[in-house]
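K.L.:
How does the following fold in three dimensions:
(one chain, ligands or ions: 1)
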Amino acid sequence: MCGIFGIIGKKNCVQDLLKGISKLEYRGYDSAGLSIPSTKEMITIKNKGKVSGLQEKVESFNLFKDDAYSTGIIHTRWATHGVPSEANSHPHNGNQNIISVVHNGIIENYRSLKSSLISEGYSFNSETDSEVLAVLIEKFYEKGQLLKAVNKALKEVDGAYAIAVVSNEDINQLVVARKKSPLVIGKGKDRIFIASDPLPIIEYTKDIFYMKDGYVASIIGDQVKVYDENENPIEIKYEHCSMSPQSIAKDGYDHFMLKEIYEQPEAIESAIAGRVFKDQTEITLEDDILNKDLVNRINRIVIIGCGTAWHAGLIGRNIFERFTKLPVQVDYASDFRYRDPIIDENTLVIAISQSGETADTLGALALANENKTPTLAIVNAVGSTMTREANEVIYTRAGPEIGVASTKAFSAQVLVLYLVAMHIGTIRGILDVDERKRRIKNILKLPSSIRETFKKCSNIKKIASIFKDATNTLFLGRGTGYPVALEGALKLKEISYIHAEGYHAAELKHGPLALVDENMPVVVLALKGRRYSKIINNIEEVKARGGKIIAIVSEGDKEMKNITSDIIEVSEDVGILNSILVAIPMQLLSYYVAVVRGCDVDQPRNLAKSVTVE
Ligand code: G6P
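P.N.:
As a prediction, the model looks like this:
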């Protein structure tokens, strides 16, 4: 939800600002803008559309050479208040054009602030909540006192924010603040960088400081001063960020999504590394995570997440029930946080998140923390807020995921849930040694099974053409195939804009069967297993109504060949981890359908990868 980037130094920063913000476009991409304070004026340029459009616009100004343009802020927007338009894009400036602000988050009391500012004679140019920040800060501003003005303004606002503020009367200063929206500071050799996450910074420096809630920082030249919510100075501890710039490049792939799909064997290998060993029968979780006392104490597990992470949680439920014999509940974080969930010190709350920044998951985690409930976060983004809020953290280690549609992060989430379930099941004496040996073998086999599955996916491009003109489609599955069907439908709808519903196959005749006709492609997950014969029945029900079946089946399934010719085989042999294998053809299918329909795969309309607002 909106990306922020800023630079302060001694050399021209304009091109680097544009380059940097393009790395945050996954956070939103409906408009973009930048501000460069200069002694003459505040230079603010905005554009509706992607960063590339802003880049073109900026090129017509003569801004790339002059070292006077050495401080600047830039923003890429995902609209919350006000349509995507030039007026609503950031930065927003105060009435005198002295102050310029970029903001990520939502100012919840902006209406009342706006009307009292209007009654004081201030005017507004946009429909956004963010503009009140610019007007307020400028109202309090006195030359040389930018930090003071920001502090005063923030006292008036409720809600969530990561902001960066510049003034053309203090051009060597940048003030940033954070509350519930992420913000980091990077210390380069001769420049300081601020950003929503480390991605645009890592090519300049690996020294990253993660701002905490309530922190405000003032950067003057190369001096960074950070204060807590009571304006007390904080000692800055930079952390080393190991991410490489290469890991956020497309590497010859047409899209990040395709690259990330094909990175899944490596993502799984890295999630396994140091945790699973072929000659051991126990899972080694780092840092004594989920120690024996805790594992023996818990009597329930609650899994929370949003979107794809929630689907991973649903698969996790089946795995936990089987491995731990504990009752498991899976909740949308957004719903959990506003109910009165029954949790206590004997419940384990597991929050799953790729970004570690999803507002609803953070809110749900905070609720668990308030109830003194033990919390474990399964997170991909290193150093993200969730990793600091949860009692314990296990990283999925899938590497940066840029495509909005989650792929490798999903697989790594399922795998890590599997490891956690095995760990708990081992301590609680549910899994005997033989079973553990067998399951460890499956884990270690998974990367090569994924590679084998890729080889069998060569006909997916052709199958994708079936969906070119489809308007509706169903994804059906049973058991863990059900959440995978939900995930398949989500993938298809988010990047190809085809209405896709994931359904439990057994529920077909309780409603969705009415939708089936010859125009309706139906994707069925039909691996050999204890529910196979039931799934065949469901397939026959669809066929009898003229529906077009696309079946994802076990390697060498002859029976299915008599039913439909549109078959995708997976190299199925890793038990319940097959849920990862079957997700892969569905990811590829969505990808190729989106490509054949000419959709913007990595940046689908209306969506953003990191949802930092409720
Ligand atoms: C957005 C993303 C999804 C993601 C969901 C939860 O909707 O587009 O890919 O699954 O947020 O995000 P999280 O970062 O918490 O996993």
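K.L.:
pLDDT below threshold where in this protein?
P.N.:
Regions of the chain meeting the criterion pLDDT under 70 cover residues 1.
K.L.:
How about the residues of it by the ligand?
P.N.:
Residues of the chain lying close to the ligand (CB under 6 Å from any ligand atom) are 306-309, 353-355, 358, 361, 404, 406, 607, 609, 611. (C-beta placed from N, C-alpha, C; glycine too.)
K.L.:
again, only this time at 5 Å
P.N.:
Residues of the chain lying near the ligand by CB under 5 Å from any ligand atom: 306, 307, 308, 309, 353, 354, 355, 358, 404, 406, 609, 611.
K.L.:
And for residue 57, the neighbour number?
P.N.:
17 (other CB atoms under 10 Å).
K.L.:
Next: residue 243.
P.N.:
Close neighbours of residue 243, defined as other CB under 10 Å, add up to 19.
K.L.:
The residues of the chain next to the ligand into JSON lines, with extra columns for neighbour count and secondary structure?
P.N.:
Shown next, in JSON lines, are these (neighbours: other CB atoms under 10 Å; DSSP: H, G, I helix; E, B strand; the rest coil):
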{"residue": "306", "neighbour count": "23", "secondary structure": "coil"}
{"residue": "307", "neighbour count": "23", "secondary structure": "helix"}
{"residue": "308", "neighbour count": "23", "secondary structure": "helix"}
{"residue": "309", "neighbour count": "26", "secondary structure": "helix"}
{"residue": "353", "neighbour count": "34", "secondary structure": "strand"}
{"residue": "354", "neighbour count": "29", "secondary structure": "coil"}
{"residue": "355", "neighbour count": "26", "secondary structure": "coil"}
{"residue": "358", "neighbour count": "30", "secondary structure": "coil"}
{"residue": "404", "neighbour count": "23", "secondary structure": "coil"}
{"residue": "406", "neighbour count": "28", "secondary structure": "coil"}
{"residue": "609", "neighbour count": "25", "secondary structure": "coil"}
{"residue": "611", "neighbour count": "21", "secondary structure": "coil"}
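K.L.:
Greatest separation within the residues you listed: which pair is it?
P.N.:
353 and 404 (14.8 Å; CB to CB).
K.L.:
Closest one of the residues of the chain next to the ligand to residue 379?
P.N.:
For the residues of the chain next to the ligand, the nearest to residue 379 is residue 353 (5.4 Å; CB to CB).
K.L.:
Spit out the contact partners of the closest one.
P.N.:
Contacts here follow CB atoms under 8 Å, 6 or more residues apart in numbering; on that basis residue 353 touches 305, 306, 309, 361, 377, 378, 379, 380, 384, 386.
K.L.:
What about those, which are in helices?
P.N.:
309, 361, 386 (DSSP state H).
K.L.:
how near is the first one to residue 352?
P.N.:
Read that as residue 309. 4 Å (CB to CB, to the nearest Å).
K.L.:
so what sits against both of these two?
P.N.:
Residues touching both residue 309 and residue 352 by CB under 8 Å, 6+ apart: 361, 413.
K.L.:
elements contacting the helix or strand harbouring residue 266?
P.N.:
Assessed by DSSP states H and E, residue 266 sits inside helix 264-272. Judged by 3 or more CB pairs under 8 Å, 6 or more residues apart in numbering; DSSP states H and E, the packing partners of helix 264-272 are helix 408-427, helix 433-455, helix 578-596.
K.L.:
Of all the ones you listed, which one is nearest residue 506?
P.N.:
For the helices and strands packed on helix 264-272, the distance to residue 506 is smallest for helix 578-596, at 17.4 Å, taking CB to CB.
K.L.:
what is the orientation angle of the closest one with helix 408-427?
P.N.:
Between the axis of helix 578-596 and that of helix 408-427 there is an angle of 170 degrees, by axes from the mean of the first three to the mean of the last three CA atoms, to 10 degrees.
K.L.:
quick revisit: tell me the one among the residues of the chain next to the ligand nearest to residue 219.
P.N.:
Taking the residues of the chain next to the ligand together and measuring to residue 219 by CB to CB, the closest member is residue 355, at 25.2 Å.
K.L.:
In contact with the closest one, which residues are there?
P.N.:
So residue 355 contacts 379, 380, 381, 384, 609, 610, 611 (CB under 8 Å, 6+ apart).
K.L.:
Next: residue 340.
P.N.:
Counting by CB under 8 Å, 6+ apart, there are no residues that residue 340 touches.
K.L.:
State the three-state secondary structure for it.
P.N.:
coil (DSSP: H, G, I helix; E, B strand; the rest coil).
K.L.:
returning to that earlier point: residues of the helix holding residue 266 that come out buried?
P.N.:
Buried residues in helix 264-272, defined by neighbour count with 16 or more other CB atoms under 10 Å: 264, 265, 267, 268, 270, 271, 272.
K.L.:
downstream neighbour of that helix in the secondary structure list?
P.N.:
Taking DSSP H and E, what comes next after helix 264-272 is helix 292-297.
K.L.:
Tell me where the stretch 1-150 of the chain has helices.
P.N.:
For the stretch 1-150 of the chain, the helices defined by DSSP state H, counting those that start in this stretch cover 14-22, 51-59, 110-119, 131-140, 146-156.
K.L.:
Mean neighbour count, those helices: which tops it?
P.N.:
Per residue and on average, the most neighbours among those fall to helix 131-140, with a mean of 25 (mean count of other CB atoms under 10 Å).
K.L.:
relative to helix 110-119, how tilted is that helix?
P.N.:
Put simply, helix 131-140 runs at 40 degrees to helix 110-119, going by the same axes, to 10 degrees.
K.L.:
and residue 482, which of the helices and strands packed on helix 264-272 is closest to it?
P.N.:
Using CB to CB, the helices and strands packed on helix 264-272 put helix 578-596 closest to residue 482, at 9.8 Å.
K.L.:
Isn't residue 193 up against residue 185?
P.N.:
Yes: Residue 193 lies in contact with residue 185 (CB atoms under 8 Å); the separation is 7.1 Å.
K.L.:
Contact partners for the residue of the stretch 401-550 of the chain found nearest the ligand?
P.N.:
In the stretch 401-550 of the chain, the residue that lies nearest the ligand is residue 406 (3.6 Å; CB to the nearest ligand atom). The contact partners of residue 406, taken as CB under 8 Å, 6+ apart, are 307, 308, 309, 354, 609.
K.L.:
Confirm that residue 483 sits in a helix.
P.N.:
Yes: assessed with three-state DSSP, residue 483 lies in a helix.
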